[in-house]
Structures are given as C-alpha cells and as structure tokens.
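Visitor: here's my sequence, what's the structure:
(one chain, ligands or ions: 1)
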Amino acid sequence: MRRRGPAESFAMICWLLALCSIAPAPAAAADAAEQGGNAEVAQYGYRVVSKQRFDRNNFTQGLEIHDGRLYVSSGLYGQSAIRVYAFPELEPLQTIPVNSRIFAEGLTIIDNRLFLLSWRERIMLVYSLPDMTLLGQSALPGQGWGATHHGSVLWFSDGSDKLYSADINDGGKLSVLPITLDGAPLRNLNELEWVQGEIWANVWQSDQIARIDPASGRVVGIIDLTGLLTDEDRLRDTDVLNGIARDPDTGAIWVTGKRWPWLFEIALENPAP
Ligand SMILES: [Ca+2]
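Guide: I've put the predicted structure just below:
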C-alpha cells in the first residue's frame, strides 16, 4: 500500500481547513424547491435477513464497511472510541480511544483516510488506514453528526435539515444541500450511507431512514424500521436506531443503534406491510 508522506499529510490537513468556507448549492436548492411535495414518497417496510451479536458498548454514531472490516465510531465524552472488526465475522481487531474531551460522531473512509466527526468540538480527526494512525485534525464549521462519502466527496450532517458536501480532491469547497420531505424541511438528519446513488439518513429519535436524492435534496423514500429491536433486547440505557452500512461486496444493508446488541442485515419491502 502506498504510504502518505509527512508533507502530503500536511497538505491534506491544510486542505481540510478550507472546509470552513461554506458555499450554498444554489442549483440543488432550486431543484428541491421546484420539486416540492409533488412527487410521491415511497414507503418501505423491512424484513430481517440475518443478524449478528454486536457489542452493547457501542454508542453507535458512525458505521461503515471497508475492505473486509467494519468501522464503528462510538460517542459520549470520556468513552468515545473507534472500533474495528473483521467483517462479517465481527471479530474485534482494534479499539482506538478518542481524546476524552471529544464526543465522537460519524465516520467515513476516503482513499485510505478515515474521517471522524466530533459533535460540538468543531473539529474532524483524520486517521490513516489500515494502521489507524492519527494524522491530524481540521476545523468543522459547526456540529458534526453523520458522515458518508461518494468517491472523493465527503458528505456530513449536523442534526439540521441540511447535508454538507466537499470534494477532498478538489479544493474542499463546502456545499450545503437543504433536505425536504413533501416540500417541508426534514430535520434531525444523523448517520449517513451512500447507497447506489442515494444518501440514506437515520432521522434522530425515530425508527425511520430517509432515502435522499443527493442532486435535489428531496426525500424519495422512507424506510420504517419500527419493531426491529424487540422489547426483550432493550435495556434501560438502550438508545435510538443509528448506523447504516452497505457491504460494498454484496450490496447488503446492515443497521444497528446506540447500545444495541445486534447488527441487523435488512431487506426492504415495498409497499410497507
Ligand atoms: Ca454509514
């Protein structure tokens, strides 16, 4: 594997600082406004294809499968960490603690670099793969929630009704995309996953995943995962559905939640049963 030299790493970090300069995405915003609530939003149910035991210590904020490994970022101050598992066996390979003053949020991997958002600290940590060496940090314009990528474009959410994107190989200019459901803003966008030309987003404090057209910002489908985690599997500290990962080898969709004991492989059913 090609190693990234210190000078190259420094250039990359300098580049990331450019994320502070935010530019709106006028074409996309206009498209979203024009399309409004005219198009029908598809409703999906689900069935569980398989499930694997998952570590309840994961207060899951980010979930991504890359090169035969599952990367999980786990939140909370003093407990934040990135955990790496062999996939699909889920054998623990590595735990990387995060500075106790940082609340880890979403993660994504681009070109053998792992980008980890923080919640309120306004920074993003950058690690090299596969050794998970911390390369440095860069500024975020605000809160960080969920992250994903498509090619070299980094996408992230901040809990609002907006998604942010920047091409890390093209200057890092940040674009802002308003997200609408039936013409109204859809807030609380959290963990993200790029799925075959769409962005799938957990909607915080709900059992729903929104399927978003990244060109227009319009929600084209809603997946209702109500009942996925049974009452028997819930403890007092079990938290919300959060975490979507697409297996790039098989196309399978895996989901979990904060302090959930299972990683679920799901298939969509349409229309919802
Ligand atoms: Ca994800």
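Visitor: closest point of this protein to the ion, which residue?
Guide: E193 (4.0 Å; CB to the ion). Heads up, the C-betas are built off the backbone N, CA and C, glycines and all.
Visitor: and that residue, helix, strand or coil?
Guide: Three-state call for E193 (DSSP: H, G, I helix; E, B strand; the rest coil): strand.
Visitor: can you pull the contacts of it?
Guide: Contacts for E193 (CB atoms under 8 Å, 6 or more residues apart in numbering) come out as 63-64, 148, 199-200, 244-246, 253.
Visitor: any idea what it is bridged to?
Guide: With DSSP bridges as the criterion, E193 is bridged to W200.
Visitor: kindly report the same for Y44.
Guide: Under DSSP bridges, the beta-bridge partners of Y44 are I223.
Visitor: that one against I253, yeah?
Guide: No: counting by CB atoms under 8 Å, Y44 sits too far from I253 to count as a contact (11.1 Å).
Visitor: mind listing the shared neighbours of the two?
Guide: Joint contacts of Y44 and I253 (CB under 8 Å, 6+ apart) are L268.
Visitor: find the nearest non-adjacent residue to I209, please.
Guide: Spatially, and ignoring its direct neighbours in sequence, I209 is nearest to I223 (4.2 Å; CB to CB, 6 or more residues apart in numbering).
Visitor: for burial, what's the neighbour tally of the one you found?
Guide: For I223, the neighbour count with other CB atoms under 10 Å is 24.
Visitor: also the one 3 residues further on?
Guide: Using other CB under 10 Å, the number of residues around T226 comes to 12.
Visitor: and the residue nearest to L189 when sequence neighbours are not counted, what does it touch?
Guide: Nearest in space to L189, with sequence neighbours left out and distances taken as CB to CB, 6+ apart, is S157 at 4.2 Å. S157 is in contact with 106, 145-147, 163-164, 189-192, 201, counting by CB under 8 Å, 6+ apart.
Visitor: give me that answer again for 10 Å
Guide: By CB atoms under 10 Å, 6 or more residues apart in numbering, the residues touching S157 are 105-106, 117, 143-148, 163-164, 179, 188-192, 199, 201-202, 204.
Visitor: what does F103 give?
Guide: Neighbouring residues of F103 by CB under 10 Å, 6+ apart: 59, 61, 75-80, 117-121, 143-144.
Visitor: alright, I will stop here.
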